[in-house]
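Peer 1: Build me a structure from this.
(one chain, ligands or ions: 2)
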Amino acid sequence: MPEGRIVKALSGFYYVADQANPERIVQCRARGLFKKKGAKITPLVGDWVVFEAPNDRDGYVMEIEERTSELVRPSIANVDLAVLVFSAKEPDMSPLLLDKFLVHTEHAGIDAIIVITKADLLEEQDCSRFVAEYEKVGYRVIPTSILDRRGVEQVREELIGKLAVFAGQSGVGKSSLLNAIFPGISLQTGEISQKLGRGRHTTRHVELLPLKEGGYVADTPGFSSLDFINMTELDLAQAFRDFEQRSDECKFRGCLHITEPSCAVQAALQAGEIVEHRYKHYLQFMEELREYLRRN
Ligand code: GDP
Ligand code: ZN
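Peer 2: Ligands and ions are numbered 1, 2, ... in the order given. Reported below is the predicted structural model:
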C-alpha cells in the first residue's frame with residue numbers, strides 16, 4: 001500500500017500527498033479507529049500514513065506512523081522546526097511572549113529558532129545584545145529585514161527539507177518574510193490573525209504548503225497561547241534550557257530552582273550568568289501553572 005503525508009484536513013477528509021509523487025494529492029477518509037498504546041488517536045496534518053487508493057481520487061487512511069512530535073493548537077504532527085518571529089519594532093520585542101513560545105516548543109520537543117524581523121528599524125547594538133542573550137541560552141537567533149534582505153537566505157536554509165511552523169503576533173512580518181524567501185507563496189496567516197484580533201471566530205484549518213526546495217511550511221495562524229496541558233512543575237523547569245543545563249549541579253533532584261538550598265540555577269542567577277528576565281518569567285509562568293493545576 002502507498003505511503004504519504006497528510007497536508008490538509010477539512011470536514012472529515014484528509015488530503016494525502018503521495019510520497020512517491022508528492023504532487024498527487026488523494027482525498028481520503030479515515031478507515032476505522034487508530035490506536036496507540038490503547039488510546040484512540042485521530043489523523044493529524046503532518047502525519048505520515050499508509051493509505052489505500054482504489055481509484056485516483058478517493059482513498060482511505062489505513063495506518064498512522066509513529067509521531068516524532070505533536071503540537072496542540074494548532075494540531076500538527078511531526079513538526080521539525082518552530083520559527084518564532086518577533087519584530088525589532090512595531091510591535092516591540094516581547095521577551096515575555098518569546099519565553100512563553102520557548103516553553104511551548106521545548107515541552108513539545110520541537111526545535112526552535114528565533115527570527116527578528118524589521119531589524120532595519122533598530123540600532124545595531126540594541127539588536128546584538130538581544131541576539132547574544134538568547135544565543136547564550138542555546139538558540140539560533142537570526143535578525144532579518146525584507147528591506148536590505150539581511151538574514152533572509154539564512155532563514156531559507158533553515159526551512160529546506162523540514163516541516164516548519166511560524167509563530168508570532170500579527171503584524172510582526174511573517175507573511176512579508178515568507179514572501180521574501182519564497183516569492184509568490186500565499187498564506188492565510190496575516191489575515192486570520194487580524195480576524196482573531198477583532199474577536200471574530202474563524203474556523204482554523206491547517207494546511208501544509210510544499211516548498212520547491214523540499215519541505216513544508218504550515219499555513220496556520222501559529223500558536224499564540226501557552227496552555228499547560230499535561231505539564232507538571234518539573235516540566236516547566238526543564239523547558240528552560242539555561243536552567244536545565246545546570247540542574248545536574250543542584251543539590252536536589254527535581255529541583256525547581258525557587259526556594260531549594262544549594263541550587264545551581266539560583267547561584268548562576270546571583271552571578272549574573274542567567275538573564276534576569278528569563279528567571280522572572282519562569283516564576284510568573286510557575287504561578288500561572290500552579291493556578292491552572294489548582295483549578296483542573
Ligand atoms: P504578519 O501579520 O506577521 O504576516 O505581518 P506582515 O507581513 O503583514 O507585515 C506587517 C507590516 O510590517 C507590513 O506593513 C510590512 O510592510 C512591515 N514589514 C515587514 N517586514 C519588514 C521589514 O523587514 N522592515 C520593515 N521596516 N517593515 C517590515
Ligand atoms: Zn536548582
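Peer 1: Packing partners of the helix or strand where Gln125 lies?
Peer 2: Gln125 belongs to helix 124-137 when elements are defined using DSSP states H and E. Counting contacts by 3 or more Cβ pairs under 8 Å, 6 or more residues apart in numbering; DSSP states H and E, helix 124-137 is packed against strand 111-117, strand 140-143, helix 241-244. Heads up, the C-betas are built off the backbone N, CA and C, glycines and all.
Peer 1: same thing but at 7 Å, please
Peer 2: Applying 3 or more Cβ pairs under 7 Å, 6 or more residues apart in numbering; DSSP states H and E, one finds that helix 124-137 makes contact with strand 140-143.
Peer 1: Tell me which strands the strand it packs on pairs with, and in which orientation.
Peer 2: strand 111-117 (parallel) (DSSP bridges).
Peer 1: Please save the CA atoms from the partner strand in CSV.
Peer 2: The C-alpha trace of strand 111-117 is given here as CSV (Å, rounded to 0.1, in the frame of the first residue of the first chain):
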residue,chain,number,x,y,z
ASP,A,111,13.5,22.5,17.7
ALA,A,112,13.0,26.3,17.6
ILE,A,113,14.8,29.2,16.0
ILE,A,114,14.2,32.9,16.8
VAL,A,115,13.8,35.3,13.9
ILE,A,116,13.9,39.0,14.5
THR,A,117,12.1,40.9,11.7
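Peer 1: ok now it, how far from the chain's centre?
Peer 2: 10 Å (Cα atoms, centre = their mean, to the nearest Å).
Peer 1: So is it next to ligand 1?
Peer 2: Yes - judged by Cβ under 6 Å from any ligand atom, strand 111-117 comes into contact with ligand 1 through Thr117.
Peer 1: coming back round to it: go through the helix holding Gln125 and flag the buried ones.
Peer 2: The neighbour-count check on helix 124-137 (16 or more other Cβ atoms under 10 Å) flags 127, 130-131, 133-134, 137 as buried.
Peer 1: Tell me what angle that helix forms with strand 111-117.
Peer 2: 180 degrees (axes from the mean of the first three to the mean of the last three Cα atoms, to 10 degrees).
Peer 1: which other residues reach helix 124-137?
Peer 2: Applying Cβ atoms under 7 Å, 6 or more residues apart in numbering, the contact partners of helix 124-137 are 88, 93, 114, 116, 119, 141, 143, 241-242, 275.
Peer 1: With stretch 19-28 instead?
Peer 2: By Cβ under 7 Å, 6+ apart, stretch 19-28 touches 2-5, 7, 13-18, 51, 53, 57-61, 210.
Peer 1: hey, what's Ala17 bridged with?
Peer 2: For Ala17, the beta-bridge partners under DSSP bridges are Arg5, Ile25.
Peer 1: Now do the same contact list for it.
Peer 2: 4-5, 7, 25.
Peer 1: what about 8 Å?
Peer 2: Going by Cβ atoms under 8 Å, 6 or more residues apart in numbering, Ala17 touches 4-7, 23-25, 210.
Peer 1: remind me which residues of the stretch 51-200 of the chain are low pLDDT?
Peer 2: Residue ranges of the stretch 51-200 of the chain with pLDDT under 70: 186-200.
Peer 1: Next to ligand 1, which bits of it? Give me the list.
Peer 2: Residues of the stretch 51-200 of the chain lying close to ligand 1 by Cβ under 6 Å from any ligand atom are 117-118, 120-121, 145-147, 168, 170-176, 189-190, 193.
Peer 1: if we go to 5 Å?
Peer 2: With Cβ under 5 Å from any ligand atom as the criterion, the stretch 51-200 of the chain meets ligand 1 at residues 118, 145-146, 170-176, 190.
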